[in-house]
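Enquirer: Sequence first, then the predicted structure:
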Amino acid sequence: MSRGKRYDDEPKLNMKKVFAVVIAIVAIIMSIFVIQGIISKDNTKGKISSESYFTIYKNEKYGVINSNGDVIVDPAYKELIIIPNNKKDVFICTYDVDYDSGVYKTKALNSKNEEIFTEYSNIEALANNDINNNIWYEDNCLKVQKDGKYGLINLDGKVLLEPQYEDIAALDGVKNSLKIKKDGKIGIADKDGKIIIEPKYLDITNLGKDNKSGFIVKDQNEKYGVIDYSANKVLESKYNSVEKISGDNLYVVKEDGKTKVIKQDGTDYITEGFDKIKTILSSAKDGVIFSKDGKYGVMKENNEIVIEPVYEDLIKAQNTTLIAKKDGKYGVIDFSRNQKILFDYTSIKYDEVADIFITENSSYINTIINSVYETKLSGILIKIDTEKGYMKLRVGDEYKYFNFKFEEKPVTDILVSNTLFLSKKDGKYGFVDKNGKVVVDYIYDDATDQNSSGFCAVKKDGKWGSIDIKGKVIQEPTYNLDDYLEVDFVGKWHLGKDINMNCYNQE
């Protein structure tokens, strides 16, 4: 039997078959990549965002979990583990604490439970507090110690400031401003290690709520002045004190034992008629809020009283209005004392970004009022997100979402990255997908929206548990969290009672 012409002489390639084989191989490779992509996507189920890390507390010890609720660092440390940036696997652990002397050791671990930055004898996160005394940390730098001196590194270990300082600390209440101490003198650096103010002052503190407001400095003669972020002199250092109050080039100082408001050139603005200056208003022409004999009013240049001190409190709101307290209730007035919002509320807050007033009455019901004092919404305000531009209210027994134009929006338009959406039917809560298909039956007494780790908290028979991104029960409703300020789960771990610690527990 003939073997065919291909074998008659030297072997020859059949190009059509070669092309067919090549195409088949390419198709197979592409299929593999597609399958890997599907598998990869499937492996990310349970996550809404990128990997995150959280401190946990169990059996009186601290550890770390990831955004799936998996234990990364076993709860084996007596002191709280600090995670400066929960998107980075850098965990600061404190151990061998001598409570009598205050001496302790620290180390940094990564997500593989490996010790990192071992060239330093001490590693610390730079802690700070906001105006509500909530703790936060500079999120991309660490204070490190070597040979008895302090420096600064980022979370990847890059040296930002060489260890040559006697101390480094966050400036109270201000982001991205670090006090550095060298040869007994104080300066300012930013979190990238750039020296903003050379260390040459006896002390430096913040003037306002951010570093753009400038700094109060104490010179070698123990006199106070003000410099800006570029270290330029704003107010001459000749005062006994400068208070953390400023606005429109007005400053509150004490000179020769007397407190007064001065202009940037040092001339007097207000010198008498007050016990204390509370706030400088939007411009010098508006004046200041002052107190006298426990009551608040408004005063302008040359001690001119615009609003008599008859209010129990005054708070700056819009450029033309003030939140005022009278007879134990809050309202809103203009500079002519005309009522814009009646004195009917236990509290009123003004959100500058959303340009709205948020009131609360004695029944804890919130009323949302717009910038021209029209009542727009009423309910219990659950959340206001100025970044995403929405408000979440509980109206009756339903959760509703509104943009800052007060238009009600479906939750799928608001929480666009979520896969499960809270739904209510016949008095019970369940979850649907973005198309409205029921994923979790209506069996829960209460529930929360999906969090950034993909988990939802669910309540049944008075107890709380959690479900994952697919609606699968991860933690059976077991925990009584009625007296917790916030209910949130990562896997089987629930947020602790002290939300300021941002620590998850498991009893």
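Expert: Received the coordinates, thanks. Numbering: from 1, shown residues only.
Enquirer: tell me the domain boundaries of this structure?
Expert: Using automatic domain parsing, the domains assigned to the chain come out as 5-43, 245-308, 312-409.
Enquirer: Out of those, which is closest to Ile204?
Expert: Proximity to Ile204 (C-beta to C-beta) singles out domain 245-308 among the domains of the chain, at 15.3 Å. Any C-beta I mention is one placed from the backbone N, CA and C, and that applies to glycine too.
Enquirer: Could you tell me the end-to-end distance of that closest one?
Expert: One end of domain 245-308 to the other measures 21 Å (C-alpha to C-alpha, to the nearest Å).
Enquirer: Return the distance of that domain from the chain's centre.
Expert: 32 Å (C-alpha atoms, centre = their mean, to the nearest Å).
Enquirer: Could you do stretch 450-465 as well?
Expert: With C-alpha atoms, centre = their mean, you get 22 Å for stretch 450-465.
Enquirer: now stretch 92-111
Expert: 26 Å.
Enquirer: So which bits of it are buried?
Expert: By 16 or more other C-beta atoms under 10 Å, the buried positions in stretch 92-111 come out as 92-94, 106-109.
Enquirer: Ok, stretch 397-414 next?
Expert: Neighbour-count burial for stretch 397-414 [16+ other C-beta under 10 Å]: 399-402, 404, 411, 414.
Enquirer: contact partners of that stretch?
Expert: Residues outside stretch 397-414 that contact it (C-beta atoms under 8 Å, 6 or more residues apart in numbering) are 354-356, 368, 370, 376-377, 379, 382, 388-394, 418, 421-422, 424, 427, 434, 449.
Enquirer: count of neighbours near the closest residue in space to Lys425 that isn't next to it in sequence?
Expert: Closest residue to Lys425 apart from its sequence neighbours, by C-beta to C-beta, 6 or more residues apart in numbering: Tyr442 at 4.5 Å. For Tyr442, the tally of surrounding residues (other C-beta atoms under 10 Å) stands at 15.
Enquirer: Can you pull the phi/psi pair for Tyr442?
Expert: Dihedral angles of Tyr442 (phi, psi; degrees, to the nearest 10) stand at phi -80, psi 80.
Enquirer: Turn the domains of the chain into a markdown table, columns for mean pLDDT and distance to Gly184.
Expert: Listed next are these as a markdown table, based on pLDDT from 0 to 100; distance: least, C-beta to C-beta, whole Å:
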| stretch | mean pLDDT | distance to Gly184 |
| --- | --- | --- |
| domain 5-43 | 37 | 55 |
| domain 245-308 | 95 | 25 |
| domain 312-409 | 96 | 39 |
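Enquirer: Next, format these as CSV and append distance to Thr478.
Expert: Output for these, formatted as CSV (distance: least, C-beta to C-beta, whole Å):
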stretch, distance to Thr478
domain 5-43, 28
domain 245-308, 48
domain 312-409, 24
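Enquirer: Between these, which one is closest to His494.
Expert: Of all the domains of the chain, domain 312-409 comes closest under C-beta to C-beta, at 18.5 Å.
Enquirer: For that closest one, measure first residue to last.
Expert: Start-to-end, domain 312-409 (C-alpha to C-alpha) is 39 Å.
Enquirer: so how far is it off the chain centroid?
Expert: With C-alpha atoms, centre = their mean, you get 22 Å for domain 312-409.
Enquirer: so which helix or strand takes in the closest residue in space to Asn122 that isn't next to it in sequence?
Expert: Spatial nearest neighbour of Asn122, chain neighbours left out: Gln145 (3.7 Å); criterion: C-beta to C-beta, 6+ apart. Per DSSP states H and E: Gln145 is located in strand 135-146.
Enquirer: Which elements pack onto that strand?
Expert: For strand 135-146, the elements it packs on are strand 122-129, strand 149-153, strand 159-165, strand 167-170, judged by 3 or more C-beta pairs under 8 Å, 6 or more residues apart in numbering; DSSP states H and E.
Enquirer: let's go with 6 Å and repeat that
Expert: Judged by 3 or more C-beta pairs under 6 Å, 6 or more residues apart in numbering; DSSP states H and E, the packing partners of strand 135-146 are strand 122-129, strand 149-153.
Enquirer: which one of those has the most crowded surroundings?
Expert: strand 149-153 (a mean of 21; mean count of other C-beta atoms under 10 Å).
Enquirer: what's in contact with that one?
Expert: The contact list for strand 149-153 (C-beta atoms under 6 Å, 6 or more residues apart in numbering) reads 141-144, 159-165, 167-168, 193.
Enquirer: Any of the residues you listed buried? List them.
Expert: Using 16+ other C-beta under 10 Å as the threshold, 141-144, 160-161, 163, 165, 168, 193 are the buried ones among the contacts of strand 149-153.
Enquirer: Using TSV, please lay out these together with distance to Gly266.
Expert: Shown next, in TSV, are the buried ones among the contacts of strand 149-153 (distance: C-beta to C-beta, whole Å):
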residue	distance to Gly266
Cys141	37
Leu142	41
Lys143	38
Val144	42
Leu160	38
Leu161	35
Pro163	41
Tyr165	34
Ile168	34
Gly193	35
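Enquirer: before we move on, the earlier item: show me the one of the helices and strands packed on strand 135-146 that comes nearest Asn480.
Expert: Per C-beta to C-beta, nearest to Asn480 of the helices and strands packed on strand 135-146: strand 122-129, 30.6 Å.
Enquirer: May I have that closest one exported as PDB, CA atoms only?
Expert: Provided in PDB are the C-alpha atoms of strand 122-129 (Å, rounded to 0.1, in the frame of the first residue of the first chain):
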ATOM      1  CA  ASN A 122      11.700  50.900  67.200                       C
ATOM      2  CA  ILE A 123       8.900  51.400  64.600                       C
ATOM      3  CA  GLU A 124       5.800  53.500  65.300                       C
ATOM      4  CA  ALA A 125       2.800  54.700  63.400                       C
ATOM      5  CA  LEU A 126       2.200  58.500  63.700                       C
ATOM      6  CA  ALA A 127      -1.100  58.900  65.600                       C
ATOM      7  CA  ASN A 128      -3.300  61.900  65.500                       C
ATOM      8  CA  ASN A 129      -6.800  63.100  66.600                       C
END
